[in-house]
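> Fold the following, please.
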Amino acid sequence: MSTSKHRKPRGTYRHGNLRKALLETAIELARQHGPDGVVLREATRRTGVAFSAAYRHYDGQTDLLDAVRAAALAKVARTMENELAGLGPANESPAYARDSLRAIGKGYLKFARNEAGLFRTAFVMPLTDRMGSDKQHPNAGDSGLNPFQLLGQALDRMHASGILPSAQRTGAEYLAWSAVHGMAMLILDGPLRHAPPDLLDTLSERLLSMVEEGLQTSL
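Okay, the predicted model is just below:
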């Protein structure tokens with residue numbers, strides 16, 4: 001007599017897009033534990049499929065981590081885009097250009113504070129590996145731009161509006177990024193990790209003002 005009807009299912013996964021299901025599980029692992037938490041075997045266990053099934057969709061541990069990193073970058077970009085959207089319709093005024101640069105930095109820091117595990121995962125690899133075009137693992141927001149490109153777009157607006165001199169435009173992405181990313185890391189892993197939210201808000205606003213003013217200063 002068959003007892004198959006009494007057997008329990010081997011896991012939680014039933015049907016649909018297994019690639020997407022594994023990625024969503026791995027993103028949650030990164031959210032909880034950072035990049036070190038993105039383990040292929042654990043992702044398959046939590047998804048409820050055999051370990052070997054993952055290899056139909058990902059070329060091992062590194063490929064899954066690459067996919068999670070790209071997804072985290074896309075989430076950073078969307079947070080930045082949401083801050084931009086709060087400014088209202090885009091225009092060519094110097095005021096909008098300044099506000100858009102500030103919105104980009106504010107969104108970046110907001111994501112770092114609210115999604116520490118994903119933020120660490122997004123920036124776990126060298127810059128050249130992260131920010132290039134990646135058709136297999138998209139890293140852009142709804143605008144089609146990744147975080148680095150969104151920053152570049154904001155700086156281009158400043159240049160076009162006349163408040164960022166041409167001599168100061170070259171390489172400005174790296175100066176702005178290093179300052180804001182440095183603040184993010186001080187908040188996550190440095191001496192500001194236990195600072196009260198009000199202090200972090202104040203310091204973040206001061207930093208963004210310093211970045212904006214510093215980029216416009218001729219040396």
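
> tally of neighbours for residue 67?
Neighbour count of residue 67, defined by other C-beta atoms under 10 Å: 23. For glycine as for every other residue, the C-beta is placed from the backbone atoms N, C-alpha and C.

> Could you report the neighbour count for the residue nearest to it when sequence neighbours are not counted?
The shortest distance from residue 67 to any residue other than its chain neighbours is 4.6 Å, reached at residue 137 (C-beta to C-beta, 6 or more residues apart in numbering). Around residue 137 there are 18 other residues, counting by other C-beta under 10 Å.

> what's the answer for residue 217, then?
A total of 8 residues lie near residue 217 under the criterion other C-beta under 10 Å.

> what's the helix or strand for the closest residue to it other than its chain neighbours?
Spatially, and ignoring its direct neighbours in sequence, residue 217 is nearest to residue 168 (7.6 Å; C-beta to C-beta, 6+ apart). Per DSSP states H and E, residue 168 falls inside helix 166-169.

> Check which helices and strands that helix sits against.
Judged by 3 or more C-beta pairs under 8 Å, 6 or more residues apart in numbering; DSSP states H and E, the packing partners of helix 166-169 are helix 147-160.

> Now do the helix it packs on: which elements does it pack against?
Using 3+ C-beta pairs under 8 Å, 6+ apart, helix 147-160 is in contact with helix 61-85, helix 94-114, helix 166-169, helix 172-189.

> Give the buried residues for the helix holding residue 168.
Neighbour-count burial for helix 166-169, counted by 16 or more other C-beta atoms under 10 Å, picks out 168, 169.

> neighbouring contacts of that helix?
With contact meaning C-beta atoms under 8 Å, 6 or more residues apart in numbering, helix 166-169 is reached by 155, 156, 159, 215, 216, 217, 218.

> Export the residues you listed as CSV, with columns for pLDDT.
Putting the contacts of helix 166-169 into CSV (pLDDT from 0 to 100) gives the following:
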residue, pLDDT
155, 97
156, 97
159, 96
215, 91
216, 86
217, 81
218, 60
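
> which residues does the residue nearest to residue 204 when sequence neighbours are not counted contact?
Of all residues beyond its chain neighbours, the one nearest residue 204 is residue 109 (5.1 Å), with distances taken as C-beta to C-beta, 6+ apart. Counting by C-beta under 8 Å, 6+ apart, residue 109 touches 180, 183, 184, 187, 204.

> list the contacts for the last one?
With contacts taken as C-beta under 8 Å, 6+ apart, residue 204 has the following neighbours: 105, 106, 109, 183.
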